[in-house]
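K.L.:
sequence below, structure please.
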Amino acid sequence: MTPATLLAAGTGLAADQKSAEVTDWAARVGWVVGLALFVALVYWLMREGWKWRGTLQGDLPELPSAPDDPGPARLSMSGRYHGSTTAGQWLDRIVAHGLGTRSRVELTLTDAGLDVVRPGAADFFVPAAQLREARLDKGIAGKVLTEGGLLVVTWAHGERLIDSGFRSDHAAEHNEWVDVINSMINTNSTEGAER
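P.N.:
Down below sits the predicted model:
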């Protein structure tokens, strides 16, 4: 084959081939911007819903703070605070005063009550007279665990009963917490009835 024949054959092959599709960058950028705007809108709506829920719960009084000398610790625990709900309604999250904010937690139980210290969120204190019940449960708004994987403490605040959910770093501690808190509640109610 002569070079002229090869050139003619190569030109014919090139004419038969189709060039690759060119990416339409304007359409791709449009989709990315549209998706980003949609995500931003959903986030904004969720944030507004959270603020609206806090406004609806505006009648909840300020959270008590720990006394200067609460006494010696009966129990202490490190773990996670998973939120608070209206007692008996595990999906009705309470967000007022930062009670809806999940965080690490250091719990300390004294004769004065339950001290809840939350790094990065508002601390609060539940006086012993306001404690109503402690139990093991499997879930609270936004968190579901195995049966008995969550320590739930029911307490009175204002005119509401509130369930607060905690999970210890060592789940075996939960049973002791339930026993001691319920024992405290029974002792306090018996003393109150005798007076």
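K.L.:
the strands in this structure, which residues?
P.N.:
Using DSSP state E, the strands of the chain run over 75-86, 93-94, 103-110, 113-117, 124-127, 131-137, 139-140, 143-144, 150-157, 160-168.
K.L.:
between the last one and strand 131-137, how many degrees?
P.N.:
Between the axes of strand 160-168 and strand 131-137, defined by axes from the mean of the first three to the mean of the last three CA atoms, to 10 degrees, the angle is 50 degrees.
K.L.:
counting contacts, what elements does strand 160-168 pack onto?
P.N.:
If you count contacts as 3 or more CB pairs under 8 Å, 6 or more residues apart in numbering; DSSP states H and E, strand 160-168 packs onto strand 75-86, strand 139-140, strand 150-157. From N, CA and C alone the C-beta is placed, and that goes for glycine too.
K.L.:
please apply the same query to the fourth one.
P.N.:
Using 3+ CB pairs under 8 Å, 6+ apart as the contact criterion, the neighbours of strand 113-117 among helices and strands are strand 103-110, strand 124-127.
K.L.:
could you chop the protein up by domain?
P.N.:
Domain segmentation of the chain under automatic domain parsing yields 29-58, 75-194.
K.L.:
those domains: which one's closest to residue 21?
P.N.:
Among these, the nearest to residue 21 by CB to CB is domain 29-58 (16.6 Å).
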